[in-house]
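S.K.: below is the structure, and that's it, no one-letter string:
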């Protein structure tokens, strides 16, 4: 009877590969040491992505009879997004969910869907992401040694919060100190409006707002609620200025060592969880607004066309097209319509 030391298997990437190879055989499955995978992201544990991920991980554990053990590390516990990206590429981290816009520092086309005021509704978003735009971006992710899962998770349409004044018109953004992720595209969007964007990691955003390093920030309602930004903000302006999704990605080095049947189990449960999480966001947005209002945020609506018109008068869309390239821009406009 073949016996394998758990310590020997899990001490290195080679060990992980060996443990994974054992999973190919059902006869050995019961005796093999578990394949241990770390899963990191920058979201609070209460965010719908992490809630659905926990359910998927439990389902994977059950289907593999405990032989695939995935530990979830939310809220930047494994480092910043940049740190986790480096870990993924080296094989030190096996799995992560990461916004396309954050990944764009390494993969420029990953932020294509975050172009300001491109998408106006979810029908356009999911047609693009489950269609040619998603396929195009996945191909570019694979080129840097990462393996993307097929289904994209919903980060939602983004809104602006403020501690100083509501953002009702494009002019209200002038000289406005706004925290944005470490994403060149969103720095460019708000710079085009004359704001003063400050790139700060998500886990430092609350303290930046609290200490007035920034007067406002922009995020989907789900994250505004789960990160408790309402404690340090007064206004929420429904701008819908950008949509972004979370890509579930694996280290290519590690993924290649995992047997195909185990890969299929992971894909099945994680992709199904992504579809459920999309529905969660749609159903929850109305509730999030009511809850945030009850916690002190004052909401206002905006005219997206007015913001887009101002943006179009700048070089933003022209610069974005030049950055992403003709092929990517044509795919975006196929689903989003003519912009810029």
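M.R.: The structure has been received and is ready for your questions. Here the structure is a predicted model, which is why all the values come from computation and not from measurement. Numbers count the residues shown, from 1 in each chain.
S.K.: and residue 221, how far is that from residue 244?
M.R.: For residue 221, the distance to residue 244 (C-beta to C-beta, to the nearest Å) stands at 14 Å. For glycine as for every other residue, the C-beta is placed from the backbone atoms N, C-alpha and C.
S.K.: got it, and residue 34?
M.R.: With the distance defined as C-beta to C-beta, residue 34 ends up 34 Å from residue 244.
S.K.: buried residues in the longest strand belonging to the chain?
M.R.: Ranked by residue count under DSSP state E, the longest strand found in the chain is strand 243-251. Neighbour counts over strand 243-251 (16 or more other C-beta atoms under 10 Å) mark 243, 244, 245, 246, 247, 248, 249, 250, 251 as buried.
S.K.: for the third one, which residues are in contact?
M.R.: This means residue 245. 99, 100, 113, 125, 129, 152, 153, 154, 155 (C-beta atoms under 8 Å, 6 or more residues apart in numbering).
S.K.: which two in those are spaced the farthest apart?
M.R.: 99 and 125 (14.0 Å; C-beta to C-beta).
S.K.: poorly predicted segments of the protein, please.
M.R.: Within the chain, the segments meeting pLDDT under 70 span 1-32, 340.
S.K.: who touches residue 151 in this structure?
M.R.: Applying C-beta under 8 Å, 6+ apart, the residues near residue 151 are 130, 248, 270, 271, 272, 274, 275.
S.K.: gap between the first one and residue 136?
M.R.: Spelled out, that is residue 130. Distance from residue 130 to residue 136, by C-beta to C-beta: 12 Å.
S.K.: repeat that for the second one.
M.R.: Residue 248 sits 17 Å away from residue 136, going by C-beta to C-beta.
S.K.: same check on the last one?
M.R.: Counting by C-beta to C-beta, the separation of residue 275 from residue 136 is 21 Å.
S.K.: quickly find the element holding residue 269.
M.R.: helix 260-294 (DSSP states H and E).
S.K.: packing partners for that helix?
M.R.: Here helix 260-294 touches helix 48-63, strand 68-73, strand 153-157, helix 221-226, strand 298-301, going by 3 or more C-beta pairs under 8 Å, 6 or more residues apart in numbering; DSSP states H and E.
S.K.: now for these, which one comes closest to residue 175?
M.R.: strand 298-301 (19.5 Å).
S.K.: if you count contacts, what does the closest one end up packed against?
M.R.: Strand 298-301 is packed against strand 235-238, helix 260-294, with contacts defined by 3+ C-beta pairs under 8 Å, 6+ apart.
S.K.: and the longest one with strand 243-251, angle?
M.R.: It refers to helix 260-294. Interaxial angle, helix 260-294 versus strand 243-251 (axes from the mean of the first three to the mean of the last three C-alpha atoms, to 10 degrees): 150 degrees.
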